[in-house]
Each structure stands twice: as structure tokens, then as C-alpha cells.
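Peer 1: Model the following, please.
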Amino acid sequence: MPTTPATATHSSSNGTAEPIMLELVDENGTTIGTAEKLAAHQAPGQLHRAFSVFLFDEQGRLLLQRRALGKYHSPGVWSNTCCGHPYPGESPFAAAARRTYEELGISPSLLAEAGTVRYNHPDPASGLVEQEFNHLFVGMAQAALKPDSEEVGETAFVTAAELEKRHAEGPFSAWFMTVLDAARPAIRELTGPSAGW
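Peer 2: Numbering: from 1, shown residues only. The predicted structure is shown next:
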């Protein structure tokens, strides 16, 4: 399975590429160690910390992204605004804000915690497994997007009804509905009942 420099490594302070490390956790979300990113996703998967961000515009529409075709995991599928993994020792909130800026070129407004969800989602196409303790965040997208083409293939703002139609037509990431459903109470609080989430 291919990896790309953007997804498999990051540059250290001395300029050399190092593997990205993830924080392994127990079922309560307590840190128990670290693992290299790709190894943590190989079957059966190691439970690790992750985050998912849901940003909305002033009309209550959700910002979706289609993952770039070069991504080693779930390329070319639609998913939530941003998702990823904190570096070991990095707070999920800081990681969510950092990755949203790195991927989409915006800093979220009113970013707030929206709970956690634990799931196990195999990806039949790649054989990789998402075994994650996921921290959820909701907020607003109030600036012009500047997506990184190595991370994001396309973006779209959608209403709840438009999302339902898109999701039926697919393809979406395996984890998308799990994280969306877990975040719905916080989404409704942010967008109000009229948005239909």
C-alpha cells in the first residue's frame, strides 16, 4: 500500500524525515504508548487517539472535504471537514486546529469539544483498520478556504438534505456516519434546530 511523504512522515528540526507517531490509548482514552502511523492502522489495528472536525458556514451548511487521491488511506472519498491524529503529547484541540489550517488554510472559529466516540472500521479497499478513540469538535468556517491539494481533492458546503443525497450516492469514508452521529447533539446546539442536523 503506497504512502506519501505528506501522510507517512514529517520533517524533524534537523530537516530529516521521521515517521509520524500516534498516541496509543486504552478503552478509556488513557495514553498507554505510541506506534508508527501506518503500523497502527494495519489489521487488526491498534487503538489510538484521533480527532474529527465539523465546521459550518453562517447558513448552517457543513463543510465536507473529498480526500486527495494521493492519500494512502481512503483516497478520493468524501468525509467530514478535517480528521487526523494528535502527535504524542499534543492536545486533541490543538491538533484539530492545526490540521484544519494545514489542510484547508483556515483557522476554525468557535471551535468547541463535542464529545468522543470509539470505533473499529476496516477499510476493505486498502485492508487498513481505523481502531480509534476519536475526539469530536464543531465550529465555524468563516474565512476563504485555501486547500492543500496533497491533502484535499475537493470541498463542498452542504445542507443536511444535500448530505443525505450525497451519502446515498457515495463514496464516503468508513468512519463518517459514526463521527457525524456522535457529534449531532453539539452540531444542533451550534447550528440551531432549523438547520435540520
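
Peer 1: Buried residues, the longest helix seen in the chain. List them.
Peer 2: Criterion DSSP state H: the longest helix present in the chain is helix 176-191. Neighbour-count burial for helix 176-191, counted by 16 or more other CB atoms under 10 Å, picks out 176, 178-180, 182-184, 186-187, 190-191. Just so you know, the C-beta spots here come from the backbone N, C-alpha and C atoms, and that holds for glycine as well.

Peer 1: residue ranges for the strands of the chain, please.
Peer 2: Here the chain has its strands, by DSSP state E, at 9-11, 17-19, 21-25, 31-36, 48-56, 62-67, 78-79, 82-84, 109-122, 129-140, 152-158.

Peer 1: Of those, which shows the lowest average pLDDT?
Peer 2: Comparing mean pLDDT over the strands of the chain, the weakest stretch is strand 9-11, at a mean of 42.

Peer 1: Identify the bridge partners of the residue sitting nearest the centre point of the chain.
Peer 2: Centroid-nearest residue in the chain: C83, 1.1 Å away (criterion: CA atoms, centre = their mean). Per DSSP bridges, the residues bridged to C83 are S52.

Peer 1: any idea how far it lies from P193?
Peer 2: 26 Å (CB to CB, to the nearest Å).

Peer 1: Quick one: end-to-end length of stretch 147-154, please.
Peer 2: 8 Å (CA to CA, to the nearest Å).
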